[in-house]
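Chemist: Provided below are the primary sequence and the corresponding predicted coordinates.
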Amino acid sequence: MSLIKKGIIASEQIAIGKVKLMRKQEVSVTTEKISDDQIQLHVDKFNKALEEYKTNLSNTEVDNDTQQQVIEAHLSMLDDPFLTESVITKINENNSSDKALKDTIDEMVTMMQSLDNEYMRERASDYKDIGQQLLYKIKGIEYEKLDSLDPNTILVSKELTPYETSIIDKSHVVGFLMDLGGKTAHTSIIAQTLGIACLVGMKDITENVEDGQTVIIDSFKGVCIINPDEETLQEYKNEKNKLDEEKTILEENRYNKAITTDGKDIDVMTNIGNIEDLEKGLESGGEGVGLFRTEFLYMYNDHFPTEDEQFQYYKNVVEKLDDKSVIIRTLDIGGDKELPYYTFPKEDNPFLGWRALRFCFDMKDVFDAQIKAILRASAFGKIRIMLPMVISVEEIENAIEIIEDNKKSLRDKNIQFDENIEVGIMIETPASVIVAEDLVEYVDFFSIGTNDLTQYILACDRGNDKISNLYNTYNPAVLRAIKKVIDVSHENGKWTGMCGGFAGDTKATKLLLGMGLDEFSAPAASIPKIKYTISSTSMKEAKQYAEEILKLKRTSEIETKIWE
Ligand code: PEP
Ligand code: MG
């Protein structure tokens with residue numbers, strides 16, 4: 001009998017393979033107190049485990065950047081004096097090395113999980129991972145081998161820790177199924193990087209499969225089929241062959257311009273947070289950057305980056321782009337994005353709180369430093385400035401005044417910059433949609449941030465699993481808002497792009513094209529498919545398709561039409 005199980009889509013692909021169920025041994029710790037003369041022995045045990053784990057990490061053969069990052073992150077956590085000091089203090093209080101370690105890790109994990117930030121919460125798994133590895137070493141337990149798997153393996157586990165994901169034999173894994181985890185979990189990120197199928201948050205998948213069983217993952221639809229019948233298996237084999245052929249065509253065409261069959265030229269750009277994203281985006285056929293999320297420069301730092309530090313970074317980005325352009329979004333911090341060196345006041349509703357432009361207007365020195373850095377870098381390539389979370393004309397006027405003041409101070413010092421630098425805004429609040437007719441006069445372009453726009457229009461937290469079924473950009477309210485914004489920009493001789501996640505949803509490409517979107521900015525992995533879809537569609541056909549969809553009143557009807 002076959003069984004269908006649902007999960008959260010973490011990486012879209014079809015996979016057919018055999019289950020390898022990862023069983024993790026539960027390790028119990030010694031709770032009895034140790035005597036004073038055993039203390040040194042336990043300190044030595046802990047230190048030995050620490051050194052062994054560090055050696056393992058340093059000797060791991062690395063084959064991609066993500067793996068390298070995991071290893072470096074773990075090495076730096078292991079070097080954190082807090083970890084060692086806390087464990088040794090607890091051993092000195094007559095706790096066994098394993099209990100001292102477990103208590104320390106539990107404290108760290110609880111602290112990380114209490115943070116109001118999805119990214120930091122996911123990083124708690126790094127600490128769990130380190131704890132598990134060290135505990136295995138202290139207890140002398142052999143780790144399950146993941147570095148030599150059978151071809152076409154579907155790895156099923158409660159969750160995979162970053163270390164586990166880093167040692168997996170990736171050449172043979174075709175899919176992941178996890179009981180736990182969200183879209184930003186390590187397994188999800190690895191699966192996206194490798195382009196393999198992954199479903200997370202499946203709750204009890206480990207209890208429903210056995211080693212060696214045949215499983216199909218259709219993560220486009222968010223399901224896996226355990227023990228499929230012959231007919232289903234054959235259908236999916238055909239589907240997979242089609243996808244593989246399509247992938248080859250997409251790769252071959254990724255550097256071609258995206259021009260519809262009736263001649264409309266569309267810009268397909270990439271979203272970046274750092275130089276690596278830029279390299280991946282360009283390699284996938286991105287024609288520039290439609291969103292540079294600068295907050296990562298601030299988040300992975302121990303101070304607000306100075307004007308010079310930012311200038312060097314932005315200059316490096318434009319130089320790598322040659323004659324392609326980049327839209328640099330000014331700092332969008334606050335909400336769920338915190339800074340390690342700055343304590344934000346506790347807010348009841350951080351997503352509706354002191355974030356993005358609101359923060360920048362109050363932290364004027366921080367904003368000035370960023371604006372100056374962007375302006376200076378604009379002397380070296382084509383840069384546009386983009387303001388996040390706009391709700392009013394006053395905010396744009398205020399931001400433009402600040403930009404003009406900074407231009408003047410650079411001019412006074414004879415520092416070069418692009419005098420005609422364009423300024424656009426993100427459309428990601430309902431207010432900006434409602435008054436788009438007013439805002440459009442003050443800007444050169446709009447870029448729709450569907451991640452926030454969806455959450456604010458639908459009053460539905462973008463990171464809350466409980467209501468993830470409601471958080472849906474295909475909701476007619478969101479689609480009509482998008483259409484209105486595009487129309488307003490065109491009526492006023494301006495253009496509209498999209499840099500939210502919806503631009504990277506390749507099922508939505510034809511719809512967005514038909515709605516008149518001028519620019520798509522998406523993660524690297526979606527770019528070849530977006531370009532291919534645009535190049536094989538006519539504007540006439542896309543417009544008609546969009547008109548039909550925009551008439552529908554139910555999200556479910558829209559999704560059915562999209563899947564046809
Ligand atoms: C968005 O809200 O759609 C967006 C692109 O910004 P971020 O995801 O960084 O909030
Ligand atoms: Mg946003």
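Modeler: Cool, the structure landed. Ligands and ions are numbered 1, 2, ... in the order given.

Chemist: What is the least confident helix or strand in the protein?
Modeler: Ranked by mean pLDDT, DSSP states H and E, the helix or strand of the chain with the weakest confidence is helix 162-167, at a mean of 72.

Chemist: what distance separates that helix from the centre of its chain?
Modeler: Centre-to-centre, helix 162-167 and its host chain are 19 Å apart (Cα atoms, centre = their mean, to the nearest Å).

Chemist: In space, what's closest to Gln133 - neighbours in sequence excluded?
Modeler: Distance criterion Cβ to Cβ, 6 or more residues apart in numbering; nearest residue to Gln133, sequence neighbours excluded, is Tyr53 at 5.3 Å. From N, CA and C alone the C-beta is placed, and that goes for glycine too.

Chemist: Over to Asn472?
Modeler: Counting by Cβ to Cβ, 6+ apart, Asn472 lies nearest to Thr555, which is 5.5 Å off, once chain neighbours are set aside.

Chemist: So that neighbour is in contact with Leu470, correct?
Modeler: No: Thr555 is beyond contact range of Leu470, at 9.0 Å (criterion: Cβ atoms under 8 Å).

Chemist: The two: who's more crowded?
Modeler: Thr555 (19 against 14; other Cβ atoms under 10 Å).

Chemist: how about the residues of the stretch 301-450 of the chain near ligand 2?
Modeler: With Cβ under 5 Å from the ion as the criterion, the stretch 301-450 of the chain meets ligand 2 at residues 428, 449.

Chemist: can you tell me the residue of the stretch 301-450 of the chain closest to ligand 1?
Modeler: Proximity of the stretch 301-450 of the chain to ligand 1 (Cβ to the nearest ligand atom) peaks at Gly449, 2.9 Å away.

Chemist: picking up where we left off before, what sits against the residue nearest to Gln133?
Modeler: 78, 130, 133-134, 137 (Cβ atoms under 8 Å, 6 or more residues apart in numbering).

Chemist: and what of Asp147?
Modeler: Asp147 neighbours (Cβ under 8 Å, 6+ apart): 167-169.

Chemist: re the thing from before, now do the contacts for the residue of the stretch 301-450 of the chain closest to ligand 1.
Modeler: Going by Cβ under 8 Å, 6+ apart, Gly449 touches 388, 426-428, 499-500.

Chemist: what's the overlap in contacts for Thr555 and Leu470?
Modeler: Counting by Cβ under 8 Å, 6+ apart, nothing touches both Thr555 and Leu470.

Chemist: Check the gap between the residue nearest to Gln133 and Thr60 for me.
Modeler: 11 Å (Cβ to Cβ, to the nearest Å).

Chemist: Next: Asn152.
Modeler: 24 Å.

Chemist: higher neighbour count, these two?
Modeler: Thr60 (17 against 14).

Chemist: wait, doesn't the more buried one sit right on Thr165?
Modeler: No: with contact defined as Cβ under 8 Å, Thr60 does not reach Thr165; the gap is 11.7 Å.

Chemist: With adjacent residues omitted, what lies nearest to the residue of the stretch 301-450 of the chain closest to ligand 1?
Modeler: Closest to Gly449 by Cβ to Cβ, 6+ apart is Glu428, at 3.3 Å.

Chemist: That neighbour touches Met389, doesn't it?
Modeler: Yes: counting by Cβ under 8 Å, Met389 is a contact partner of Glu428 at 6.3 Å.

Chemist: and the closest residue to ligand 2 within the stretch 401-550 of the chain, backbone torsions?
Modeler: Nearest residue of the stretch 401-550 of the chain to ligand 2: Asp452, at 3.7 Å (Cβ to the ion). The phi and psi torsions at Asp452 (degrees, to the nearest 10) take the values phi -80, psi -40.

Chemist: what's it in contact with, if anything?
Modeler: 389, 426, 428-429, 462, 500.

Chemist: Up against ligand 2, what does the protein have?
Modeler: 428, 449, 452.

Chemist: Please spell out the PyMOL selection for the buried subset of the contacts of Asp147.
Modeler: Those of those that count as buried under 16 or more other Cβ atoms under 10 Å are selected in PyMOL with:
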select buried, resi 167+168
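
Chemist: Please dump the contacts of Asp147 into TSV; it should also carry distance to ligand 1 for every row.
Modeler: Output for these, formatted as TSV (distance: Cβ to the nearest ligand atom, whole Å):
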residue	distance to ligand 1
Ile167	31
Ile168	29
Asp169	34
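
Chemist: Return the member of the contacts of Asp147 nearest to Lys203.
Modeler: The closest of the contacts of Asp147 to Lys203 turns out to be Ile168 (Cβ to Cβ; 22.3 Å).

Chemist: any idea whether Ile217 is helix, strand or coil?
Modeler: strand (DSSP: H, G, I helix; E, B strand; the rest coil).

Chemist: One more: the one 3 residues further on?
Modeler: Following three-state DSSP, the label given to Phe220 is coil.

Chemist: ok, it - contacts?
Modeler: 9, 12-14.

Chemist: make it 7 Å
Modeler: Shown in contact with Phe220 (Cβ atoms under 7 Å, 6 or more residues apart in numbering): Glu12.

Chemist: I'd like the distance between it and ligand 2.
Modeler: From Phe220 across to ligand 2, the span is 25 Å (Cβ to the ion, to the nearest Å).

Chemist: sorry, back to before: tell me which two of the contacts of Asp452 sit farthest apart.
Modeler: Largest separation among the contacts of Asp452 by Cβ to Cβ: Met426 and Arg462, giving 14.6 Å.

Chemist: which parts of this structure sit against ligand 1?
Modeler: 291, 293, 332, 428, 449-452, 499-500 (Cβ under 6 Å from any ligand atom).

Chemist: Who does the residue of the stretch 251-400 of the chain found nearest ligand 1 form a beta bridge with?
Modeler: Residue nearest to ligand 1 within the stretch 251-400 of the chain: Arg293 (5.3 Å; Cβ to the nearest ligand atom). Note on Arg293: beta-bridge partners by DSSP bridges are Arg329.

Chemist: Pull the number of nearby residues for it.
Modeler: Around Arg293 there are 19 residues (other Cβ under 10 Å).

Chemist: next one: Thr55
Modeler: By the criterion of other Cβ under 10 Å, Thr55 has 10 neighbours.

Chemist: Now it: phi and psi?
Modeler: phi -60, psi -40.

Chemist: again, but for the one 4 residues further on
Modeler: Comment: the main-chain dihedrals of Asn59 come out as phi -90, psi 0, following degrees, to the nearest 10.

Chemist: how about stretch 387-398: buried residues?
Modeler: Under the neighbour-count criterion of 16+ other Cβ under 10 Å, stretch 387-398 has 387-391, 395-396 buried.

Chemist: for stretch 494-502, what is the average pLDDT?
Modeler: Averaged across stretch 494-502, pLDDT comes to 96.
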